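*Asks:* coords below, sequence missing:
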Ligand code: THU
């Protein structure tokens, strides 16, 4: 699926991002990388906080870079831990990915490349608000 995406290169960027994570509380470093609709590659790492609930997942940084860098849509996404294992985005981050990638975003999972519609079925999203 999506043969024009260099998934190995995208995963390498995610792994490099995981190396820059700030995760002194969980010790679990996460990096995320995505291809945007204009060809940009955006990435992020998790940034934890002494107030545990305030922690920013790697996807938060990635989406922030997407918007700050000019916007656009996410077309291909991967995230991994510090050992390079592909991991699934948490529930909140699936919602973030839905907002900025939608049903057709290609997501790398431990079970292969799937569409976002499979990662977040029956979503609440912009359509739900009639936008
Ligand atoms: N984490 C992410 O960065 N993204 C996810 O989708 C899953 C969880 C981070 C948050 C926290 O810093 C650490 O992983 C352990 O939960």
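*Replies:* Here it is on my side, so go on. Given the structure is predicted, the values throughout are model-derived calculations rather than measurements.
*Asks:* just checking, what packs against the host helix or strand of residue 42?
*Replies:* According to DSSP states H and E, residue 42 maps onto strand 41-45. Packing partners of strand 41-45 (3 or more CB pairs under 8 Å, 6 or more residues apart in numbering; DSSP states H and E): helix 7-18, strand 30-36, helix 58-68. (Each C-beta comes from the backbone N, C-alpha and C, glycine too.)
*Asks:* most packed of these?
*Replies:* Most buried of the helices and strands packed on strand 41-45 by mean neighbour count (mean count of other CB atoms under 10 Å) is strand 30-36; its value is a mean of 27.
*Asks:* contacts for that strand, please.
*Replies:* Outside strand 30-36, the residues that touch it by CB atoms under 8 Å, 6 or more residues apart in numbering are 5, 10-11, 13-21, 23, 41-46, 57-59, 61-62, 66, 69, 72-81, 87, 89, 101.
*Asks:* at 7 Å what do you get?
*Replies:* 5, 10, 13-18, 21, 41-46, 57-59, 62, 66, 72-81, 87 (CB atoms under 7 Å, 6 or more residues apart in numbering).
*Asks:* quick one: is stretch 94-113 near the ligand?
*Replies:* No - using CB under 6 Å from any ligand atom, stretch 94-113 stays clear of the ligand, coming no nearer than 8.2 Å.
*Asks:* could you number the chain from 42 rather than 1 from now on?
*Replies:* Taking 42 as the first residue, the last one we looked at is stretch 135-154.
*Asks:* start and end of that stretch, how far apart?
*Replies:* 15 Å (CA to CA, to the nearest Å).
*Asks:* contact partners of it?
*Replies:* Counting by CB under 7 Å, 6+ apart, 42-43, 46, 48, 100-101, 104, 107, 114-119, 127, 129-130, 155-158, 160-161, 164, 166-167 sit against stretch 135-154.
*Asks:* which of these come close to the ligand?
*Replies:* 100, 130.
*Asks:* just the buried subset of the contacts of stretch 135-154, written out for ChimeraX, thanks.
*Replies:* The following ChimeraX line selects those of those that are buried, judged by 16 or more other CB atoms under 10 Å:
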select :46,48,100,101,104,107,115,116,117,118,119,127,130,156,157,160,161,164
